[in-house]
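*Asks:* Take a look and give me a structure for this.
(chains A and B)
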Amino acid sequence: MRLQSKLALFSAASKILILLLLVLGLPILVNKVALLNADERLMQKEERMYQIIEEQGIESFITSETGAYGSYNLFKEEFISLEEISSSKVVNSIENSLRKVDNQVVNYRVLSSTFDLGEKRYLLEIGRSLATIHNNSKTLQAYALYFLAAVVLLTVFSDLAFSKILLRPLTLIVKRLQRVEHPSTFTPKKLQTSTDDFLYLNNTINAMMGQIQEAFQKEKEFIGNVSHELLTPVSILQTRLENLLADPDTPESMLEKLVDNLRTLHRLKNIIQALLLISRIENEQYLRNETVDLTQLAEEVAEEIKERAEAREVNLHVEITGDYTLTKANQSLLFTMLFNVVNNAIKYNKPEGSICIKGQPHGKDYEIAVKDTGVGIKEEQLPHIFSRFKRLHAPDGESHGLGLTIVKTIATFHGIDLSVESVPSEGTTFRFLFPRQA
Amino acid sequence: MHILIVEDETSLATELMHFLAQEHYICDWASNGREASEKIAVNRYDFILLDLGLPDYEGMDLLKEIKEIDHDPAIIILTARGALEDRIKGLGLGADDYLPKPFSLLELQARMQAVLRRKFKLKSSSVAFHGFEIDSSARRVTFGSQEIVLTKKEFDILHYLLLHKNRILTRLQLTEHIWGNILEDDYDSNYIDVHIKNLRKKISAHTTTDWLETVRGVGYRLTV
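*Replies:* Have a look, this model is predicted:
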């Protein structure tokens, strides 16, 4: 998952968590506030009542006939009562209590307070129905929730946008790296950002890629030099031996020895060239700019090699189903790869044996299998067959053991998955799995 | 045919000149770029064998110089560096062929013949011997009015033997000529024997094959 998505998810999740906590905690909080608010208002009213009593006298409320005063508003949301009491108890409290009003029991928040006037003691009670208080608090809660939800949504989006802007340099670095198929095609670029971490990352990548490129370049020069230094003397020896072979003055008894020398020299040349080929492929000196039709490739290899199969009395046939074209490939390397495998299949086959080059779609990929009825490879040798200088079969003095290493190197160069199965004395199958290409 | 060999390795140049002189070419040798540059300015060559790895000169620059002179000699690049770009660049700059070192002298001669035929149309593509006619561009062999149908490899072997007539060709030289472009694990001379056997069989239906000799322990020779 991308960092940006992770950040966005995290931000959204944390905000939702906060929202949930608020939804759970808000009613308690709001109720508490509403209650405090109601108490405050009750006390203000108490204050005003005292003022009125002081200005107008207690008589305007209580006469000897009535003995008490009470007032409700229409919906019984509030009441004020004033009465004379005989108890000497001093009360000064705000409590919830149930009151019966017109045969209806209503839960009120009631402020009770006693005061003395003249010789008498009065009890003042001011109440406000709890339902009204809660009603108010519900509205408050609803508005608060809408507001919070809006804030959360807004911050989630602003976080998204911000993280996108913040992470843009990182996205750029990743994109640049994705475009690089091989370190040698990388071009260092400066990064426009004020974030030090990204600058550091970019500079480090540039520096390291530079080192890799330098190493590749050095290896390339080394390969060139080795190639020149080793192949020049071989070249001199070969021409000298060939001239000697053609010289009429060379005694006939010497000819066979010269041929032997030429063979040994050929072996040396072959080893050098095989090693150079492997190094050059690994050093990315070959181009992958051709489109190769696998049916055609298999047929070309079969055509080139069929006379060898005939000479060994081995039956070679090609079975290709489906069309498959490999883009970004190197035709001559692929030819060498398949040729070597089929050539081995001929070399290590039994008389009257057979070889099948079978191509077929394999899921979304394509597989070419070279199956022979040869001597097979022992199980303990299988893991080593692609290693350099491993000769699988009895040393015949000529093979340098690099053939399958070349095959493997070319396969890797093209992203081909190469596997091998073998049953001793029954045969071997090499499978090339070509990746599907867009 | 006047040839300039541009090669800094004295031993190799000596062997090349020895071989080419026997093939009736007139050879001149330049051991470095400066000398080569002077020689091509003064003399007129039909063919230049150019080693790219010269001590004092960038081989490609020399190639450009050669292409600038008014007559148009055939050029074969000989190099031991073998980098892929060299090949593409060299052919792009107008070289006629490219032969990586080490090469067989016989292969060099075959390539030179091919270049000459292509470039100067000097030689008819048809050669007659022992009543046969072998046409290298049509890849056809006829005996009298009858065509002898050969496989690609059989034709290549016969043509190569004829090109180097009266000379012993080892199995290795023949193998390198017909399979040389493929780098393989080892070489098996038996395949050449099988091809020669089949070739003899096809020819003996028309005439004797004693001109296609086996030289025991060495190779084969076509005598004319």
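
*Asks:* Which residue ranges of chain A form helices?
*Replies:* Using DSSP state H, the helices of chain A run over A:3-56, A:130-179, A:196-246, A:252-282, A:294-311, A:331-347, A:403-413.

*Asks:* Save those helices as a markdown table, and put in distance to chain B and mean neighbour count too.
*Replies:* (Each C-beta comes from the backbone N, C-alpha and C, glycine too.) What follows is the helices of chain A, written out as a markdown table (distance: least, CB to the nearest CB, whole Å; neighbours: other CB atoms under 10 Å in any protein chain shown):
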| stretch | distance to chain B | mean neighbour count |
| --- | --- | --- |
| helix A:3-56 | 41 | 14 |
| helix A:130-179 | 23 | 15 |
| helix A:196-246 | 4 | 16 |
| helix A:252-282 | 4 | 17 |
| helix A:294-311 | 4 | 18 |
| helix A:331-347 | 6 | 22 |
| helix A:403-413 | 3 | 22 |
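
*Asks:* so can I have TSV of the ones you listed showing mean pLDDT?
*Replies:* Formatted as TSV, the helices of chain A follow (pLDDT from 0 to 100):
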stretch	mean pLDDT
helix A:3-56	87
helix A:130-179	86
helix A:196-246	90
helix A:252-282	89
helix A:294-311	91
helix A:331-347	92
helix A:403-413	93
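
*Asks:* B:Leu78 is nearest to which of those helices?
*Replies:* Ranking the helices of chain A by proximity to B:Leu78 (CB to CB) places helix A:196-246 first, at 8.5 Å.

*Asks:* Could you tell me the angle between that closest one and helix A:252-282?
*Replies:* Taking axes from the mean of the first three to the mean of the last three CA atoms, to 10 degrees, helix A:196-246 and helix A:252-282 form an angle of 170 degrees between their directions.

*Asks:* for B:Lys165, what are its contacts?
*Replies:* Neighbouring residues of B:Lys165 by CB atoms under 8 Å, 6 or more residues apart in numbering or on different chains: B:Phe129, B:Leu222, B:Thr223, B:Val224.

*Asks:* mind running it again at 10 Å?
*Replies:* Taking CB atoms under 10 Å, 6 or more residues apart in numbering or on different chains, we find B:Lys165 in contact with B:Val127, B:Phe129, B:Trp211, B:Arg221, B:Leu222, B:Thr223, B:Val224.

*Asks:* and if you look at B:Gly92?
*Replies:* Contact analysis of B:Gly92 by CB under 10 Å, 6+ apart lists B:Met60, B:Leu63, B:Glu85.

*Asks:* for these, which one is nearest A:Asn270?
*Replies:* Nearest to A:Asn270 among the contacts of B:Gly92, with distances taken as CB to CB, is B:Glu85, at 23.6 Å.

*Asks:* Could you give the number of residues near that closest one?
*Replies:* B:Glu85 has 11 neighbours, counted by other CB atoms under 10 Å in any protein chain shown.

*Asks:* That one contacts A:Gln285, correct?
*Replies:* Yes: contact criterion CB atoms under 10 Å: B:Glu85 and A:Gln285 qualify, at 8.1 Å.

*Asks:* A:Thr429 contacts A:Lys371, correct?
*Replies:* Yes: shown here, A:Thr429 and A:Lys371 form a contact pair, counting by CB under 10 Å, at 4.4 Å.

*Asks:* which residues are common contacts for those two?
*Replies:* A:Ala345, A:Cys356, A:Lys358, A:Glu421.

*Asks:* Nearest to A:Val152 among those residues?
*Replies:* A:Glu421 (59.8 Å).

*Asks:* Next one: the most centrally placed residue in chain B from chain A, what distance?
*Replies:* Centroid-nearest residue in chain B, with CA atoms, centre = their mean: B:Ala110, separated by 2.2 Å. Using CB to the nearest CB, to the nearest Å, B:Ala110 is found at 13 Å from chain A.

*Asks:* quick revisit: okay if I get the contacts of B:Lys165 as TSV plus secondary structure?
*Replies:* Listed next are those as TSV, based on DSSP: H, G, I helix; E, B strand; the rest coil:
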residue	secondary structure
B:Val127	strand
B:Phe129	strand
B:Trp211	coil
B:Arg221	strand
B:Leu222	strand
B:Thr223	coil
B:Val224	coil
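
*Asks:* returning to that earlier point: can you tell me which one of the contacts of B:Gly92 sits lowest on pLDDT?
*Replies:* For the contacts of B:Gly92, the weakest pLDDT value sits at B:Glu85, with 73.

*Asks:* Please name the residues that touch it.
*Replies:* Counting by CB under 10 Å, 6+ apart, B:Glu85 makes contact with A:Gln285, A:Leu287, B:Gly92.

*Asks:* Which helix or strand contains it?
*Replies:* Element membership for B:Glu85 (DSSP states H and E) is helix B:84-92.

*Asks:* I'd like the next helix or strand past that helix.
*Replies:* Using DSSP H and E, the helix or strand that follows helix B:84-92 in sequence is strand B:97-100.

*Asks:* which secondary structure elements does that following strand contact?
*Replies:* Applying 3 or more CB pairs under 10 Å, 6 or more residues apart in numbering or on different chains; DSSP states H and E, one finds that strand B:97-100 contacts helix A:196-246, strand B:74-79, helix B:84-92, helix B:105-120.

*Asks:* any idea how the chain splits into domains?
*Replies:* Assuming you mean chain A. A:3-137, A:196-282, A:290-434 (automatic domain parsing).

*Asks:* looking at chain B here, not the other one
*Replies:* Split by automatic domain parsing, chain B gives B:2-120, B:126-222.

*Asks:* Redo those as CSV? Include distance to A:Lys100.
*Replies:* Below are the domains of chain B laid out as CSV (distance: least, CB to CB, whole Å):
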stretch, distance to A:Lys100
domain B:2-120, 107
domain B:126-222, 111
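
*Asks:* coming back round to it: quick one, which of the shared contacts of A:Thr429 and A:Lys371 are buried?
*Replies:* Those of these that meet the buried threshold are A:Ala345, A:Cys356, A:Lys358, by 16 or more other CB atoms under 10 Å in any protein chain shown.

*Asks:* among the contacts of B:Lys165, who's most crowded?
*Replies:* B:Leu222 (21 neighbours).

*Asks:* if you skip the residues just before and after it, what's nearest to that residue?
*Replies:* Counting by CB to CB, 6 or more residues apart in numbering or on different chains, B:Leu161 is the residue found nearest to B:Leu222 once chain neighbours are left out, at 4.0 Å.

*Asks:* Can you give me every residue that contacts that neighbour?
*Replies:* By CB under 10 Å, 6+ apart, the residues touching B:Leu161 are B:167, B:169, B:174, B:177, B:196, B:199, B:211-213, B:219-223.

*Asks:* one more time with 7 Å
*Replies:* Contacts for B:Leu161 (CB atoms under 7 Å, 6 or more residues apart in numbering or on different chains) come out as B:Leu169, B:Tyr220, B:Leu222.

*Asks:* and what of A:Ile377?
*Replies:* A:Ile377 makes contact with A:Ile385, A:Leu392, A:Ser422, A:Pro424, A:Thr428, according to CB under 7 Å, 6+ apart.

*Asks:* Report the angle between the helix or strand of chain B with the lowest mean pLDDT and helix A:252-282.
*Replies:* Comparing helices and strands within chain B by mean pLDDT, DSSP states H and E singles out helix B:84-92 as the least confident, with a mean of 79. Counting by the same axes, to 10 degrees, helix B:84-92 lies at 100 degrees to helix A:252-282.

*Asks:* in helix B:84-92, what's buried?
*Replies:* Going by neighbour count (16+ other CB under 10 Å), the buried part of helix B:84-92 is B:Asp86, B:Arg87, B:Lys89, B:Gly90.

*Asks:* what would these look like in CSV with distance to A:Ile58?
*Replies:* Putting the buried residues of helix B:84-92 into CSV (distance: CB to CB, whole Å) gives the following:
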residue, distance to A:Ile58
B:Asp86, 121
B:Arg87, 122
B:Lys89, 120
B:Gly90, 125
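
*Asks:* Just the pLDDT for B:Leu20.
*Replies:* The score at B:Leu20 is 94. That number is its pLDDT.

*Asks:* re earlier: just give me the closest of the shared contacts of A:Thr429 and A:Lys371 to A:Glu46.
*Replies:* Nearest to A:Glu46 among the shared contacts of A:Thr429 and A:Lys371: A:Glu421, at 98.3 Å, using CB to CB.
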